[in-house]
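Asker: show me the folded form of this:
(one chain, ligands or ions: 2)
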Amino acid sequence: MPQFAANLSMLFTEVPFMERFEQARLAGFTGVEYLFPYEWPAAELQQALRTNSLTQVLFNLPPGDWGGGERGIACLPDRVEEFREGVLQAIEYARALECTRVNCLAGLKPADLDEDLAWQTLVENVRWAAKQLEAEGITLCLEAINSRVDMPGFFLDTSARVMRLLEEVDMDNVRLQYDLYHMQIMEGDLLRTVECLLPWIGHIQFADNPGRHEPGTGEINFSNVFRELDNLGYNGWLSAEYRPATTTAESLGWFQLTS
Ligand SMILES: O=C(O)[C@H](O)C(=O)CO
Ligand SMILES: [Mg+2]
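Answerer: Numbers count the residues shown, from 1 in each chain. Ligands and ions are numbered 1, 2, ... in the order given. As a prediction, the model looks like this:
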């Protein structure tokens, strides 16, 4: 059975961020991820991981002005220098947190930005980042995010687009981050897609749809999905990246589907 991680940006938000590590451990998680580590000293995060015997599974590269609505800068030609600085900052944190996987958010493509120029910028940025990360033994994930509900304009919004990018970049440490929630919205056909793309999948996240709440609140058959991922031999992390419908404690019934 794959290992389960808690996304601390969405789960356990009933308590302050630094207290969520302990809550994750008490709930039975062995790994954690969250959007960004950069506002906390790496040593503090490292301590929280160690105290709770948790693995830092993933975090995102700096995304630009998140509060101002940016969702990554990797496809933006006028932000290449900032992108590279962000990669170096992420490496510092990944080293301290012993994290072997980071996610690159491609960004929202402005309507007036030429598609080919955005694509070329993304390819070159990903290649540059992957080279820096390769030397550290870190995998660079690229997530396809739905552009129908949550992020209109997100540049990588299907698994096919991420696969095209992976082919062009052609580096062993660049992988697809497959989020079952986003892909249910954009594509459906979850299990067949995972089966086809398994060798290129570096990380999986989940939430039910619609609503982005816990398994059992929507249309995805999670007992089949978890069982099938196991049958397919997926041995990576499965991260719970959902907004609890009520409280986090009440949302964790899906754990029973995994034993
Ligand atoms: O929203 C998601 O699915 C992500 O995984 C993320 O990290 C950025 O929003
Ligand atoms: Mg996700």
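Asker: what's the burial count for Ile138?
Answerer: Neighbour count for Ile138, taken as other Cβ atoms under 10 Å: 20. Placement of C-beta: from N, CA and C, glycine included.
Asker: what score does it have for pLDDT?
Answerer: For Ile138, the model assigns a pLDDT of 99.
Asker: mind checking how far it is from Arg71?
Answerer: Going from Ile138 to Arg71 by Cβ to Cβ, to the nearest Å gives 22 Å.
Asker: quick check, pLDDT for the closest residue to ligand 2 within the stretch 51-200 of the chain.
Answerer: Ligand 2 sits closest to Asp179 of the stretch 51-200 of the chain, with a gap of 3.7 Å, by Cβ to the ion. We have a pLDDT of 99 for Asp179.
Asker: which parts of the stretch 51-200 of the chain are helices?
Answerer: Secondary structure of the stretch 51-200 of the chain (DSSP state H, counting those that start in this stretch): helices located at 80-97, 115-134, 159-169, 180-186, 190-197.
Asker: distance between the fourth one and the chain's centre?
Answerer: Pointing back at helix 180-186 there. For helix 180-186, the distance from its own C-alpha centre to the chain's C-alpha centre is 13 Å (Cα atoms, centre = their mean, to the nearest Å).
Asker: ditto for stretch 150-164
Answerer: Centroid displacement of stretch 150-164 relative to its chain, using Cα atoms, centre = their mean, is 13 Å.
Asker: what's the answer for stretch 119-137, then?
Answerer: The answer for stretch 119-137 is 17 Å, by Cα atoms, centre = their mean.
Asker: in that stretch, what's buried?
Answerer: Neighbour-count burial for stretch 119-137, counted by 16 or more other Cβ atoms under 10 Å, picks out Trp119, Thr121, Leu122, Val123, Asn125, Val126, Arg127, Ala129, Ala130, Leu133.
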